[in-house]
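> Structure for the following, please:
(3 chains)
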Amino acid sequence: MPELPEVETLCRQLQTRIAGKKISSTEVYDVKLNNLKNIQGKRITEVKRKGKTIEINLDDGTSVQIHLRMTGRLLWQSEKERPKHSRWKMNFKDGAIYLIDPRRFATIKIQKWENDKVDNDLLVSFAREDFLAKNGGRKGKIKNLLMDQNTVAGIGNIYACEILYRCGIHPERTAESLNVKDWQLIFKNARAILQKAIENRGTSISDWRDLDGHKGENQHELKAYGREGKQCRKCGGIIKRIKQGGRSTFYCPQCQT
DNA sequence: AGAACCGCCTGCTTGC
DNA sequence: TGCAAGCAGGCGGTTC
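Next up, the predicted model:
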């Protein structure tokens, strides 16, 4: 599941690989992605991440916005062969970018580019005061809050579990039950975990691969996610799995309080 | 406001 | 071994 670090990894690679290049053509292999605006002949100015969305800006003021959802991947390929589960392709003189997505949840939008202000992305710009004023008193569970894209951009299930584990905060705590120290810990650890995951080029648990098809290395850093029944590395307790909003949460009942 | 559920999907795992 | 059911989940939507 591509979250912030995986999308950031792709965006950096894309920026290096395709910025300044001209799109020679595109091809659609999935009816769900029909009716996209024609971008043949447009030139790529910049590739940016917005939350978990990849934004490929074009020289005509529009941008190609790709959201990979669950199993989406982007792959740079210079050979002709079309990878399995290809849904869409953008051709360049020296190669092509494929959108590969077995489960077909990924979305592409081509629309006017808007330079809206980012204030909820922990690695770009984060309005801490506003955040606390708006969310500090909420009665919702902290895990769900961290995963709400309108509240904090880019964090999904894996990193939400890891952040709370490192903080020693129980995922079912409500936002209003947290004090200033707890919040500071959350922001600090969230940044550190996301940053480390970017350095490791993402978490390859199942599908995730980078633009060149390489696995990331951050799966070796996971302390909670996917470790149900295993020993907590901090306290020796047993990692537990619960459901929150239909999604698995992994945590240590002994040291997350 | 917040939680619970659905639909979108298909590959993988599980159970008989 | 084979087949069907169950499961996984980000996000947008609806409903309670």
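> what's in contact with the longest helix along chain A?
Counting by DSSP state H, the longest helix found in chain A is helix A:180-199. Under the contact criterion Cβ atoms under 8 Å, 6 or more residues apart in numbering, helix A:180-199 has outside partners A:4-6, A:8-9, A:122-123, A:126, A:128, A:132, A:136, A:142, A:146, A:152, A:154-155, A:159, A:162-164, A:166-167, A:169, A:178, A:203, A:216, A:218, A:221. (C-beta placed from N, C-alpha, C; glycine too.)
> quick one: A:Leu164 is in a helix?
Yes: under DSSP: H, G, I helix; E, B strand; the rest coil, A:Leu164 falls within a helix.
> before we move on, back to that, next, the buried residues of the longest helix of chain A.
For helix A:180-199, a neighbour-count test (16 or more other Cβ atoms under 10 Å) marks A:182-183, A:185-187, A:189-190, A:193-194, A:197-198 as buried.
> In a markdown table, list those along with pLDDT.
Formatted as a markdown table, those follow (pLDDT from 0 to 100):
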| residue | pLDDT |
| --- | --- |
| A:Asp182 | 95 |
| A:Trp183 | 96 |
| A:Leu185 | 95 |
| A:Ile186 | 96 |
| A:Phe187 | 96 |
| A:Asn189 | 96 |
| A:Ala190 | 96 |
| A:Ile193 | 96 |
| A:Leu194 | 96 |
| A:Ala197 | 95 |
| A:Ile198 | 96 |
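> if we can go back for a sec, filter the contacts of helix A:180-199 down to the ones close to DNA strand B.
Checked against DNA strand B using Cβ under 7 Å from any atom of the strand, these yield no neighbours at all.
> Report the buried members of those residues.
With burial judged by 16+ other Cβ under 10 Å, the buried subset of the contacts of helix A:180-199 is A:4-6, A:8-9, A:122-123, A:126, A:142, A:146, A:152, A:154-155, A:159, A:162-164, A:166-167, A:169, A:178, A:203, A:216, A:218.
> Show me the residues you listed that map onto helices.
A:4-6, A:8-9, A:142, A:146, A:159, A:162-164, A:166-167.
> These: which two are farthest apart?
A:Thr9 and A:Ile142 (26.4 Å; Cβ to Cβ).
> near DNA strand C, which residues of the stretch 51-200 of chain A?
Neighbours of DNA strand C within the stretch 51-200 of chain A, by Cβ under 7 Å from any atom of the strand: A:51-52, A:67, A:69-70, A:103, A:105, A:147, A:149, A:156-158.
> All the strands of chain A, residue numbers only.
Here chain A has its strands, by DSSP state E, at A:25-28, A:44-50, A:53-58, A:62-67, A:73-77, A:86-92, A:95-100, A:107-112, A:120-121, A:125-126, A:240-244, A:247-251.
> can you list the domains in chain A?
Domain assignment for chain A by automatic domain parsing gives A:4-112, A:120-251.
> show me what contacts the residue nearest to A:Cys232 when sequence neighbours are not counted?
Of all residues not flanking A:Cys232 in the chain, A:Cys252 sits nearest, at 4.1 Å (Cβ to Cβ, 6 or more residues apart in numbering). Neighbour list for A:Cys252: A:165, A:224, A:232, A:234-235, A:237-240 [criterion: Cβ under 8 Å, 6+ apart].
> which residue sits closest to the residue of the stretch 51-200 of chain A found nearest DNA strand B, ignoring its sequence neighbours?
Residue nearest to DNA strand B within the stretch 51-200 of chain A: A:Arg138 (3.1 Å; Cβ to the nearest atom of the strand). In space, and not counting its chain neighbours, A:Arg138 is closest to A:Ala175: 4.1 Å by Cβ to Cβ, 6+ apart.
> Now do the one you found: how many residues are near it, please.
With neighbours defined by other Cβ atoms under 10 Å, the count for A:Ala175 comes to 20.
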